[in-house]
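Asks: Here's my sequence, what's the structure:
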Amino acid sequence: MAKTAHFPIGHHYIVEASGCDPKIIGSVEKVQQILVRAAEIAGAHVWSISFNKFPPMGVSGVIVISESHISTHTWPEMGYAALDIYTCGAKVRPDKAVVYAVEAFGAETSHITEITRGIDEGDAVFYHSFITWEERLKKSGQKKDRDKDKEKN
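Replies: This is a model prediction of the structure:
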């Protein structure tokens with residue numbers, strides 16, 4: 001009997017965002033707004049939201065979505081934010097949430113690992129696979145500096 005391939009159950013993104021704007025990732029309100037909007041952009045359904053600020057700085061939060069969760073912890077003093085975005089089902093686009101959040105945090109660089117979870121080859125033995133990559137992002141200030149350099153040459 002031939003095995004039937006099945007779609008994966010979920011996609012899990014682990015994101016290291018470096019060079020983030022400390023004013024953004026140090027604000028509970030801004031981080032929460034960004035991640036709720038990221039969930040909406042991904043097509044997820046928000047159920048519960050919980051965010052906290054740690055003295056003297058740093059934000060931790062989680063958004064429970066019908067499809068799983070989006071969570072973060074930030075270190076404004078280092079310009080660093082850790083993101084964890086896990087979604088189940090075929091209708092949600094967690095990759096869109098990742099792109100939006102990293103850009104909204106003002107990150108210069110992101111290191112992303114995508115884990116495809118719940119892969120089944122028809123034998124009910126589940127496994128995962130992963131890929132990882134790094135992206136250098138353009139900040140508006142850097143782009144302006146490059147444009148000025150081009151004008152000089």
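Asks: average pLDDT across stretch 67-80?
Replies: Stretch 67-80 shows a mean pLDDT of 97.
Asks: got the end-to-end distance for stretch 107-125?
Replies: Stretch 107-125 stretches 38 Å from its first residue to its last (C-alpha to C-alpha, to the nearest Å).
Asks: What's the mean pLDDT across it?
Replies: Average pLDDT, stretch 107-125: 93.
Asks: Give the buried residues for it.
Replies: Ala107, Glu108, Ser110, Ile112, Glu114, Ile115, Thr116, Arg117, Ile119, Asp120 (16 or more other C-beta atoms under 10 Å). C-beta: built from backbone N, CA, C; applies to glycine.
Asks: now the strands: where do they sit in the protein?
Replies: Applying DSSP state E to the chain gives strands spanning 10-18, 46-53, 59-65, 68-75, 80-88, 109-119, 127-136.
Asks: Let me have these in a markdown table, adding distance to Ala97 as columns.
Replies: Below are the strands of the chain laid out as a markdown table (distance: least, C-beta to C-beta, whole Å):
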| stretch | distance to Ala97 |
| --- | --- |
| strand 10-18 | 8 |
| strand 46-53 | 12 |
| strand 59-65 | 10 |
| strand 68-75 | 7 |
| strand 80-88 | 5 |
| strand 109-119 | 12 |
| strand 127-136 | 15 |
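Asks: got the contact list for the residue nearest to Arg93 when sequence neighbours are not counted?
Replies: Among residues not flanking Arg93 along the chain, Ala42 sits closest, at 5.0 Å (C-beta to C-beta, 6 or more residues apart in numbering). For Ala42, the contact set (C-beta atoms under 8 Å, 6 or more residues apart in numbering) comprises Ile85, Thr87, Val92, Arg93, Pro94, Asp95, Lys96, Ala97.
Asks: Spell out for me which residue occupies the centre of the protein.
Replies: Compute the mean C-alpha point of the chain, and by C-alpha atoms, centre = their mean the closest residue is Val98, 3.3 Å away.
Asks: Next one: it from Phe54, what distance?
Replies: Going from Val98 to Phe54 by C-beta to C-beta, to the nearest Å gives 24 Å.
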